[in-house]
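>>> just to be clear, the model below is a prediction. Sequence and coordinates:
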Amino acid sequence: MSNLLIREACAQDRDAIRDVTLAAYQEYADQLLDFYWAAYRENILVTLADVEAAEQLVADDDGVILGTTLLYPPRRMVVNDELSIDNPWPEVRLLAVAPAARGRGVGLALMQECVRRARRAGAAALSLHTTAFMLAAARMYAQMGFVPAPELDFEPAPGFTIKGYRLDLQR
């Protein structure tokens, strides 16, 4: 993986981004009821279909997309018709690494680029959301210094909490 390049996505990457993202998140299908997985999968596809507000990054290894993420500017995040959250910081969404490329530093490289871009933009913090069952991601975020940001937590369905986290960029 010595040729790993973190770069802006281009139109030709669209199918690979979709495939890598769905493959990465498929592991969580067993953790969710079928209804929740179907809704989450649909949310992923809808999000990837309209990324205009975000910087879409890919981890490219000699022309093969191994990972991807979205970096949104501070914004009002609409969760559903009844719920929206004001997020004062840039937000990482849909960090995904192809299952065959896990453990090779792809996710960390993408996250480090998001941190670099947020700092360059003068952001005080970088935020993200995750769930209790995304264990490998949660470990990486904790190692990077992300801490709980309960003001960003939300419950898209009864009993299903999405946890907010932030990384202080002022250090």
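Arrived safely. Being a predicted model, the structure only gives us computed values, none of them experimental. Numbers count the residues shown, from 1 in each chain.
>>> look up how far L110 lies from the residue lying closest to P74 once chain neighbours are set aside.
Taking CB to CB, 6 or more residues apart in numbering, and ignoring the residues beside it in sequence, P74 has P88 as its nearest neighbour in space, at 5.2 Å. The C-beta positions use only the backbone N, C-alpha and C, and glycine is treated the same way. Going from P88 to L110 by CB to CB, to the nearest Å gives 22 Å.
>>> next secondary structure after the strand or helix carrying R41?
For R41, the enclosing helix or strand under DSSP states H and E is helix 34-49. Sequence order places strand 55-61 as the next helix or strand after helix 34-49, per DSSP H and E.
>>> which other helices and strands does that next one contact?
With contacts taken as 3 or more CB pairs under 8 Å, 6 or more residues apart in numbering; DSSP states H and E, strand 55-61 sits against strand 4-8, helix 14-26, strand 64-72, helix 106-120.
>>> sorry, back to before: give the rounded mean pLDDT of the helix holding R41.
Averaging pLDDT along helix 34-49 yields 86.
>>> so which bits of that helix are buried?
Under the neighbour-count criterion of 16 or more other CB atoms under 10 Å, helix 34-49 has 37, 40-41, 44, 48 buried.
>>> for the chain, which helix or strand comes out least confident on mean pLDDT?
Every helix and strand of the chain was ranked by mean pLDDT, DSSP states H and E. The lowest is strand 75-80, at a mean of 72.
>>> next SSE downstream of that one?
Once strand 75-80 ends, the next helix or strand along the chain (criterion: DSSP H and E) is strand 83-87.
>>> quick check: angle from that next one to strand 64-72?
Put simply, strand 83-87 runs at 90 degrees to strand 64-72, going by axes from the mean of the first three to the mean of the last three CA atoms, to 10 degrees.
>>> so what secondary structure elements neighbour the next helix or strand after strand 83-87?
Following strand 83-87 in sequence order, the next helix or strand is strand 91-97 (DSSP H and E). Packing partners of strand 91-97 (3+ CB pairs under 8 Å, 6+ apart): helix 14-26, helix 34-49, strand 64-72, helix 106-120, strand 125-130.
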